[in-house]
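Student: fold the stuff below for me.
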Amino acid sequence: MGGMVGQWLGAHAPHRIDRLVLSNTSSYFPDRTIWDHRIRLVRDKGLAGIVDANMERWFTKAFRESSLPAIMPIREMFLATSPEGYIACGEAIRDMDHRALLARIKAPTLVIAGRHDPRPARNERFHPRSNSGAELVVLEAAHIANIEQPEAFNDAVTGFLLAK
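Tutor: All right, here's what the predicted structure looks like:
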């Protein structure tokens, strides 16, 4: 959600943004049925009905197999989420279309994507060339790149924010 909010702020409140980092996000989801299906599953089975599929989307298989202590708190946090809140966020993501906003973002922008993210920012849904100041970093990760590749993620963000 943060990347989507960041896109909106970058376009609508440029005076508040000096540099913008958009991590593992998208500006549009063309297939609404993905979110319709997730929302229906949560209504029928609760968050337990999608937690395993989320962990598979959020982390690569190798990371899931080798880093259970890093994944378990995220799994538990997800299961503690309000189903109604998750559904509302899912509907917002499903219905969002920020593609037209991208060209309005004038702040230097870092886009971080996971190479194995099912909906990567590096594809046509969010193209850094839409923003003249955008830079793309692709990490060997899935959707939650800051957990899966913390050093590379932090190095990318720190280098970008400290650049002159």
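
Student: all helices of the chain, in order?
Tutor: For the chain, the helices defined by DSSP state H occupy 2-12, 32-45, 51-58, 61-66, 68-79, 83-95, 145-148, 150-162.

Student: and the ones you listed, which is most packed in?
Tutor: Highest mean neighbour count among those (mean count of other C-beta atoms under 10 Å): helix 145-148, with a mean of 21. In this view, the C-beta of every residue, glycine as well, is placed from N, C-alpha and C.

Student: for the chain, give me the ranges with low pLDDT.
Tutor: 119-133 (pLDDT under 70).

Student: redo that, cut-off 80
Tutor: 118-133, 164 (pLDDT under 80).

Student: domain assignment for it?
Tutor: As recorded under automatic domain parsing, the domains making up the chain are 9-28+99-124+136-148+156-164, 29-96.

Student: closest to residue 1 out of those domains?
Tutor: Closest approach to residue 1 among the domains of the chain (C-beta to C-beta): domain 29-96, 5.9 Å.
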